[in-house]
Structure formats: structure tokens, C-alpha cells
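Engineer: Okay, sequence plus prediction incoming.
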Amino acid sequence: MAAILDSTMSTPAAATAPLRVGIGTTMVEPVLTGGHLDGIGVYTQALLRHLPQAGCAISTYSWPRGTAPLTVGQAMPQSFERASLLDLVTPAAHRVHMPVDVFHVTDYRVVRMDCPVVASLHDALPIKHPEWCNPRLRSVKNWLQRKAAQKADRVIALSHYAIDELVECFGVDERRITVVPCGVDDDWFDPPAAGDVAATLAANGLRPGYFLFVGTLQPRKNVGRLLDAYLALPAAVRAERQLVIVGHAGARSEDVLRRIAAARQDGANVVWLNKLTDNGALRHIYAGAGVFVFASLYEGFGIPVVEAFASGVPVVAANTTSLPEVSQGAALEVDPLDSGAIADAMLALAREPLLRARCITAGRARAAQLTWDATARMTAAVYRSLL
């Protein structure tokens, strides 16, 4: 059985010296150059903020890439490619030296080290559904990921749903898996200033009360069916409420981008915000929403659902993969393959005040159980279990 940690458990951090923890920063590097953070980047950034309060002294490390200057952290002793090759050629002898008590990998780049290694494996998407991923060298990348996952001394899964897939697709021993869910920062529970929200909405051409989706545009996010559902709503509802899609274009997003452009050309009230990188502005966008819709086909967790819950926005969510576990009944759950069901749920939350109020209250209560502070405490407990 996989280990499960209680988010309320006490931590001995205050009574002991801080743990020296190394963390790879590959997934947060894009934000320093004006790029977008995906879910793994948000997760990594949250750990960097909150682990110090859980008794960890953090050192950040970046894999060198040729002659390119590092943007975050100190340089690893060698490139990931060289370390991986040495792992394959001399698996018994090769260990990367790291001057830390434990090293945490958040992005699948796992190599053998001379300290315990913890790996957060977010999902098995590239192996389970390669048709949704970048096809370039996919089979080689999947093989390397399987090998890498097996090198970790402990694996963190973000949901119980993910356990079976990590065992099946990565060959991870279930006894080495601990479930540690994601969360939100405490400030998400405090409504942002009305004037700030109004200014952000005006700057982006938005009117309060819109239907909102947040996430990278890629096939598994099911934005095409969301668009179908929105266009099937009564004309009066579409005139009153925009569909706002926040996220940059990911792999294999060409079709949905064409459909969004075609809908806009036909006069549909659809807004695509693909350059929103500021976290404060994102909170404003959530605060202005009337209904949040996340009918994703596949999620290892689904951080945007918790962000919407904390923001006091009622949620329509898919009834598959990890999302029912995350929402625990606080969202209206729908079959993500049924655009009619998605539309019905959107309409219900837009038109039924009692249902809206019930979902908002339940969502905020659920989000209160899922904070980054709790994630950090549970993660630190995983580190200590290896020492």
C-alpha cells in the first residue's frame, strides 16, 4: 500500500536542525524570462516558498545546458544527459555528489545521487496517452522517464488516482509511493481589492460573471468540448457571459486554436488570454468569474480547481481521473466527453442561486483542506522518513 500522510500531522522541524534540501529548478526557470509556468512549475515554486517554514534549508540547482547561462540556482556537477548516460553505462558505480541531506526532483529528471532522492511524479500522461503529447522523440523520452522514475528512493504522487498509473507505467514500487496533494496559498482565500479586479478586467476586455477556464491548451484539457458547450448555451446567456480561456498554446493545440479563432470571427463572445503570467492578475481573473469550468480528460491533480474553490467561484469539473478526488463533491461533476452535459452544468451554475451558493461554500471548505503550507509539511515528512 502507498503511504498516506495526514496534513495535520505535527513536524519535528522546530526541535531539530533544518534539513538541507536540494531542489531542481528546471520547471520554474521560464518565469524569469517572461514565460509561462505549467502545473509542475507552480508546484515547484510553491515548495520553494513554503518548505523553509517546514524546517528545510533549500538550495536550488539547475542542469547546465551547453554554454547557456543559468537562470536559477547553482549548476549541477554535470548535464542531465551526461548523468543519465553514466547511469545507464555504470549503474552500480555512478552517483552524482550533492552536498545536501536529500534531493527533490519535481520534473522527472531523476539520476542517482549520493544522497536520498525524492521524485514527484505528477502523472503518467506521456506513456498513457502519447497521442496527446509532443511526438518528437516520444518513445525515447518515455523509455528514459521509466528508467528515471525507478531511481528515486521515494516517490510523491499528488493523488491516490495516480498511484496505479505510476506503478503500471513507470514500474514504481507502490511501497515507495506517498500521496501528498497540491494546494493554494492562504492569500487566495482573501478577495482581492475590487478596484484592482476591475482594472485587470478592463485591461483585458472582460465583464464580470464570465465562464472561465485556466490551463495550458492541449488535447487533454478538452477545450474543444468546452467551446462546443458554450456555443450551445442560449443566445441570451452567451450575450451576457463571455467564455474566457486563460493559458498558452501547448503541444498539439493547433486544432483548438483554429476553433477559437473561428468562433471569434463568427462573433462569439470568446476571449483567449495567452500572455497572462502575473499571479496577482490571475487572481483578479478568477475573482471576476461567474463559473469555472474544468472538464479535463486527464489530470494527476488539477490545481486550477482548488484555485477556483478558494476564490469563491462555483466549479464544473470532469468526473474522471483525479478530479473527483480533488473536489470531493464540491463541484458539479460531468462526463467530459459529453458537451451537452457540460453545457447543462454551466447553465445551472449561472442561473440557480441556491446551487451556486452551495457549490461556493463547499468549494471554499474543500480548498481550506488543501494549502501549500500543508503540502510543504507533508513533503518535509517524506524527506525525514529517508534519513
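Structural biologist: Done, it's in.

Engineer: mind listing what Ser84 touches?
Structural biologist: Ser84 sits next to 111, 144, 147-148 when contact means Cβ atoms under 8 Å, 6 or more residues apart in numbering. Where you see a C-beta, it was placed from the backbone N, CA and C, and this is true even at glycine.

Engineer: can you do 7 Å?
Structural biologist: If you count contacts by Cβ atoms under 7 Å, 6 or more residues apart in numbering, Ser84 has them with 111, 144.

Engineer: Equivalent analysis for His160, please.
Structural biologist: His160 sits next to 179, 325 when contact means Cβ under 7 Å, 6+ apart.

Engineer: Next, work out how far apart it and Pro304 are.
Structural biologist: Using Cβ to Cβ, to the nearest Å, His160 is found at 20 Å from Pro304.

Engineer: Number of residues surrounding Asp187?
Structural biologist: Counted with other Cβ atoms under 10 Å, the neighbours of Asp187 add up to 11.

Engineer: which residue sits closest to it, ignoring its sequence neighbours?
Structural biologist: Sequence neighbours aside, Arg283 is the residue nearest to Asp187 in space, at 7.9 Å (criterion: Cβ to Cβ, 6 or more residues apart in numbering).

Engineer: and the one you found, what are its phi and psi?
Structural biologist: phi -60, psi -40 (degrees, to the nearest 10).

Engineer: That one - how many residues pack around it?
Structural biologist: Around Arg283 there are 22 residues (other Cβ under 10 Å).

Engineer: these two touch, right, Asp335 and Asn319?
Structural biologist: Yes. Counting by Cβ atoms under 7 Å, Asp335 touches Asn319, with 6.1 Å between them.

Engineer: which residues touch the residue nearest to Asp187?
Structural biologist: Arg283 sits next to 188, 192, 311 when contact means Cβ under 7 Å, 6+ apart.

Engineer: Equivalent analysis for Leu243, please.
Structural biologist: Taking Cβ under 7 Å, 6+ apart, one finds 210-211, 230, 269-270 in contact with Leu243.

Engineer: switch to 8 Å and redo it
Structural biologist: Residues in contact with Leu243, defined by Cβ under 8 Å, 6+ apart, are 210-211, 213, 226-227, 230, 268-271.

Engineer: filter those residues to the buried ones?
Structural biologist: By neighbour count, with 16 or more other Cβ atoms under 10 Å, the contacts of Leu243 hold 210-211, 213, 226-227, 230, 268-271 as buried.

Engineer: Closest to His248 out of these?
Structural biologist: Nearest to His248 among the buried ones among the contacts of Leu243 is Phe213, at 12.9 Å by Cβ to Cβ.

Engineer: The closest one - that's part of a strand, no?
Structural biologist: Yes. According to DSSP: H, G, I helix; E, B strand; the rest coil, Phe213 belongs to a strand.

Engineer: Alpha carbons of stretch 105-113, as CSV, please.
Structural biologist: The C-alpha trace of stretch 105-113 is given here as CSV (Å, rounded to 0.1, in the frame of the first residue of the first chain):
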residue,chain,number,x,y,z
VAL,A,105,13.2,16.2,-8.2
THR,A,106,9.9,17.7,-9.4
ASP,A,107,10.1,17.2,-13.2
TYR,A,108,11.1,13.6,-14.0
ARG,A,109,14.8,14.4,-14.3
VAL,A,110,16.0,11.8,-11.9
VAL,A,111,19.5,10.5,-11.7
ARG,A,112,21.3,8.5,-9.0
MET,A,113,22.9,10.7,-6.3
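
Engineer: Mind giving me the packing neighbours of the helix of greatest length in the chain?
Structural biologist: When the chain is parsed with DSSP state H, its longest helix is helix 353-368. Applying 3 or more Cβ pairs under 8 Å, 6 or more residues apart in numbering; DSSP states H and E, we find helix 353-368 packed against helix 303-310, helix 339-351.

Engineer: okay, those helices, which one's buried deepest?
Structural biologist: helix 303-310 (a mean of 27; mean count of other Cβ atoms under 10 Å).

Engineer: Compute the inter-axis angle for that one and helix 353-368.
Structural biologist: 120 degrees (axes from the mean of the first three to the mean of the last three Cα atoms, to 10 degrees).
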